[in-house]
Structures are given as C-alpha cells and as structure tokens.
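[1] Below are the sequence and a predicted model for it; my questions follow.
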Amino acid sequence: MGERATAEVVVVGGGAIGCAVAYELARRGVTVALIEAATIAAGASGASAGGVRQQGRDLRELPIALRAIRRWPYLSEELGADLHYRQDGNLRLAERPEDVSALERRVAGERALGLDVRMIGLAELRELVPGIAPSVLAASWCPSDGYAMPSLVAHAFARAAARLGARVLQQTQVIGITLHRDRVAGVTTTRGEISCRWVVNAAGAWSAEIARMVGVSIPIEPRALQMLVTEPMPLRLRPVLGSVNRRLSLKQLPGGAYLIGGGWPGRLDRVTLRTWLLPASIVGSLRDARAVYPPLERARLVRGWAGIEAIAADEVPILGTVGEVEGFVFACGFSGHGFALAPAIGELIAELITTGYPSLPLDALSPARFGHRQDIS
C-alpha cells in the first residue's frame with residue numbers, strides 16, 4: 001500500500017459483514033480498502049454457530065433476513081466457493097403451554113411480514129427429528145432456514161472483493177480517523193494513511209472504539225459466547241434446533257459432529273481480549289441440548305471455545321449514518337445473530353453509500369435511536 005493511499009471507502013473489520021460490504025462496493029465499481037486488525041474471520045465470524053435463519057428475530061431486522069435468505073442458495077456459485085451451506089430448515093421448540101402460546105403469537109407476527117413459517121405438532125415434529133424429547137409439545141418450522149460455515153463465507157467474500165479490485169489489508173490496525181469539517185477525510189493505520197470519503201464501521205466487538213475516533217458513542221459491549229463440538233456421530237439430525245426457553249442452537253454438521261451454541265457465556269478479559277470456557281456454561285449447554293434431543297447423551301464432547309461477539313444495548317443491529325459525521329457508516333452491533341444477514345447488509349450499505357437510499361429502510365436500526373455523541377478529545 002505504501003505510506004499514503006487513496007480509496008473511496010475504507011471498511012473496518014474483516015468478518016462476514018465487513019467482507020460482504022467490501023464485495024458489494026467493489027461490484028459497483030467503488031474503490032475499497034478492507035482493513036482487518038488480525039486476520040479475516042478472526043473475530044465473531046470465526047466463532048459463530050453459522051445459523052442462516054429468519055425466524056426468532058426482532059421484527060425490525062426480519063425484512064433484512066428475508067432479503068438475505070433469498071440470496072443464500074446462490075451465494076456459493078456467485079462467490080466461487082463451497083460455503084457448506086445447507087437449507088434444511090429451523091425448528092424453534094416449545095416445552096410448556098405458555099411457550100406454545102408465545103410461539104404462536106410470534107409466528108403470526110412473522111407470517112404477517114411475509115415469512116414462510118408455521119406451527120407444527122408432535123407427529124410432524126417427530127418425522128422431522130426422530131428422537132426429539134417427549135417434553136417438547138410443539139414447534140415453529142421454517143423450511144427455508146439453514147446454516148453455513150462462517151469462516152468460509154467471510155474468506156469467500158474477501159477473495160471475491162479482491163478479485164474485483166478491493167485491497168484487503170490484514171494485520172493492520174486503524175489507529176485514527178481524520179475529519180474535515182465533520183466529514184470523513186481519511187484513516188490512519190499501522191501501515192500508513194488512506195485518504196477516503198467514507199468509513200464503514202464493521203469492526204464487531206471493537207466498533208465502539210472505532211466510533212469514538214469520530215466522537216460518537218454507541219452502546220456496544222464485547223461478550224464471550226461459548227460453542228461446543230462433539231465427536232462425529234451417525235447422521236440423523238437435519239434441521240437446526242432452537243428453543244423458546246432454553247439457550248440453544250443445535251445442528252449436526254455434514255461430518256457427523258454436533259455443534260452446540262445458543263449464547264452460553266464464556267469468560268472475557270476486556271484488557272487482553274482473551275477468552276476462556278466456563279465449566280458451568282459447558283454443563284448448562286450440554287444439559288439443555290440433551291434435554292430436548294436425547295441422542296446427544298451418547299455423543300462425547302471433544303472441544304469448545306468462546307468467541308467474542310459485539311452485543312448492542314437492545315441486541316439489534318446498528319446500521320446507517322449519524323448526522324454529526326458525514327461519511328461514517330455503522331454496520332455493527334449484530335449481537336450474535338448477524339452472520340445470516342451478511343449478503344443483504346452488504347447490498348444495503350453499498351446502496352446507502354452509492355445512491356444515498358438503501359432499498360430497505362434502515363431507520364428503525366439507525367444509531368440515532370441511542371442519541372449519543374461525545375466531543376473528540
């Protein structure tokens with residue numbers, strides 16, 4: 001890159017979201033620099049459960065999920081990479097009468113927004129998931145949901161962006177953002193200066209730090225969330241399983257191993273950003289997964305990890321611009337459920353930058369909902 005360079009847009013963060021934004025901008029002929037402090041998919045995208053789901057979301061983000069899922073079946077061909085994508089559906093389980101009622105209300109709201117989701121009873125549930133626990137009373141079923149491998153997706157977007165001319169700079173930290181009359185003018189990195197007119201803040205758990213560089217405060221905090229993997233077992237579970245009243249995301253990978261997530265906390269050192277598994281979370285996660293899917297009791301746990309996620313105060317993505325700083329765009333705060341949205345987020349942020357008008361309204365997800373601004377020291 002040299003000591004000084006120029007790009008129209010600098011995207012900060014090499015996860016699935018940042019890489020998708022860089023790709024969509026490059027497709028539109030925009031000169032892009034993608035800056036990643038570590039390596040592609042080193043943050044949340046390297047630790048995600050990989051769910052590609054629409055149901056169970058905040059209704060403010062559901063239209064984006066609907067848009068994204070329409071692209072997922074064709075993404076491997078578009079990016080020229082195997083993303084391990086499978087569209088085998090998603091089940092959200094209910095074990096108590098009150099949970100069934102709550103699930104029915106949620107399904108009604110989702111259907112009203114156009115999602116193909118419905119309630120199913122025990123007979124159909126047992127056909128879809130042989131071995132489901134007798135405690136499960138009903139479930140919501142979305143056949144167009146599925147999962148993919150997040151690290152593969154992030155790398156595929158990054159490679160595709162590079163083929164279109166984007167510069168992908170890894171092991172490069174952003175240490176400052178230059179403003180001129182409250183307009184983005186450039187980015188200072190550990191490799192030098194990049195003049196630009198736009199910065200996209202897709203820095204995940206580091207998004208609040210990047211925002212402070214332009215004098216904006218956003219309520220995002222990093223949290224360590226746990227993932228567990230079992231030994232390979234005979235293939236028998238096709239849909240992804242979630243739960244109304246349990247922390248659960250359960251899927252069986254093509255190789256037979258079960259991947260268990262759902263938001264169980266790990267331990268995070270906020271200074272070094274090192275993470276550790278918590279014994280109580282391991283026990284709790286296995287207990288909840290086995291409670292609804294007893295065949296897991298025969299599967300031996302072989303490894304686990306805790307990845308760092310960026311959790312917004314209301315656990316809903318932060319998307320769009322702030323009025324005080326022209327050219328600074330937020331694409332962060334995905335709170336553990338942003339991976340599936342990446343193809344649509346890339347499109348919408350690219351549209352915002354190139355035309356000023358994303359094809360889906362982002363007002364409900366705007367950073368303005370928090371109303372925070374601080375002076376630059």
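    Yes, it's here.
[2] Can you get me a residue count around the residue lying closest to His337 once chain neighbours are set aside?
    With Cβ to Cβ, 6 or more residues apart in numbering as the criterion, His337 has its nearest non-adjacent residue at 6.9 Å, and that residue is Arg57. For the C-beta atoms, the positions are set from N, CA and C on the backbone; glycine is no exception. By the criterion of other Cβ atoms under 10 Å, Arg57 has 21 neighbours.
[3] Over to Ser359?
    By the criterion of other Cβ under 10 Å, Ser359 has 11 neighbours.
[4] So it, which state does it fall into?
    coil (DSSP: H, G, I helix; E, B strand; the rest coil).
[5] got the contact list for it?
    Contact partners of Ser359, counting by Cβ atoms under 8 Å, 6 or more residues apart in numbering, are 347-348, 351.
[6] Tell me where the protein has helices.
    Applying DSSP state H to the chain gives helices spanning 16-27, 62-79, 97-112, 122-128, 150-163, 207-212, 279-292, 342-355.
[7] Mind putting the ones you listed into CSV with distance to Leu253?
    Shown next, in CSV, are these (distance: least, Cβ to Cβ, whole Å):
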stretch, distance to Leu253
helix 16-27, 18
helix 62-79, 17
helix 97-112, 27
helix 122-128, 18
helix 150-163, 12
helix 207-212, 30
helix 279-292, 14
helix 342-355, 20
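[8] quick revisit: and the contacts of Ser359 as a markdown table, adding neighbour count and pLDDT?
    A markdown table is the format used below for the contacts of Ser359 (neighbours: other Cβ atoms under 10 Å; pLDDT from 0 to 100):
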| residue | neighbour count | pLDDT |
| --- | --- | --- |
| Glu347 | 23 | 98 |
| Leu348 | 25 | 98 |
| Glu351 | 18 | 98 |
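[9] Nearest to Leu34 among those residues?
    Comparing those against Leu34 with Cβ to Cβ picks out Glu347 as the nearest, at 16.5 Å.
[10] Quick one: closest of the helices of the chain to Gly320.
    Among the helices of the chain, helix 342-355 comes nearest to Gly320, with 6.9 Å by Cβ to Cβ.
[11] next one: the closest one to chain centre, how far?
    Helix 342-355 sits 15 Å away from the centroid of its parent chain (Cα atoms, centre = their mean, to the nearest Å).
[12] contact partners of that helix?
    9, 16-17, 19-25, 27-28, 30, 64-65, 67-68, 71-72, 75, 153, 157, 198, 200, 317, 319-321, 329, 331, 338, 357-360, 362.
[13] out of these, which are buried?
    Buried members of the contacts of helix 342-355, counted by 16 or more other Cβ atoms under 10 Å: 9, 16-17, 19-25, 27, 30, 64-65, 67-68, 72, 75, 153, 157, 198, 200, 317, 319-321, 329, 331, 338, 358, 362.
[14] Asn175: what's it in contact with?
    Let me fix one detail, which is that residue 175 is Ile and not Asn. 188-190.
[15] Count the residues that sit near the nearest residue in space to Thr189 that is not next to it in sequence.
    Closest residue in space to Thr189, ignoring its immediate chain neighbours: Thr172 at 5.1 Å, by Cβ to Cβ, 6+ apart. Thr172 has 21 neighbouring residues, counting by other Cβ under 10 Å.
[16] how far away is Thr172 from Arg191?
    Per Cβ to Cβ, to the nearest Å, Thr172 is found 5 Å from Arg191.
[17] Just to check, the residue nearest to His337 is in contact with Gly338?
    No - using Cβ atoms under 8 Å as the test, Arg57 is too far from Gly338 to be in contact (10.7 Å).
[18] First residue to last residue on stretch 108-118, what's the distance there?
    End-to-end distance for stretch 108-118, by Cα to Cα, to the nearest Å: 8 Å.
[19] no, scratch that, I was asking about stretch 12-20
    Using Cα to Cα, the end-to-end distance of stretch 12-20 comes to 12 Å.
[20] What mean pLDDT does it get?
    Per-residue pLDDT over stretch 12-20 has a mean of 98.
[21] Of all the helices of the chain, which one is nearest Ala224?
    Ala224 lies closest to helix 279-292 among these, at 9.5 Å (Cβ to Cβ).
[22] correct me, but Asp82 touches Ala148?
    No - taking Cβ under 8 Å as the definition, Asp82 is not a contact partner of Ala148, at 9.8 Å.
[23] The two: which has the busier surroundings?
    Higher neighbour count among Asp82 and Ala148: Ala148, with 25 against 11, using other Cβ under 10 Å.
[24] so what's the more buried one up against?
    Taking Cβ under 8 Å, 6+ apart, one finds 50, 52, 72, 83-86, 339 in contact with Ala148.
[25] now the residues you listed as a markdown table including distance to Leu237 and pLDDT?
    Formatted as a markdown table, the contacts of Ala148 follow (distance: Cβ to Cβ, whole Å; pLDDT from 0 to 100):
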| residue | distance to Leu237 | pLDDT |
| --- | --- | --- |
| Gly50 | 15 | 92 |
| Val52 | 16 | 97 |
| Trp72 | 20 | 98 |
| Leu83 | 20 | 97 |
| His84 | 16 | 95 |
| Tyr85 | 17 | 97 |
| Arg86 | 12 | 96 |
| Phe339 | 20 | 96 |
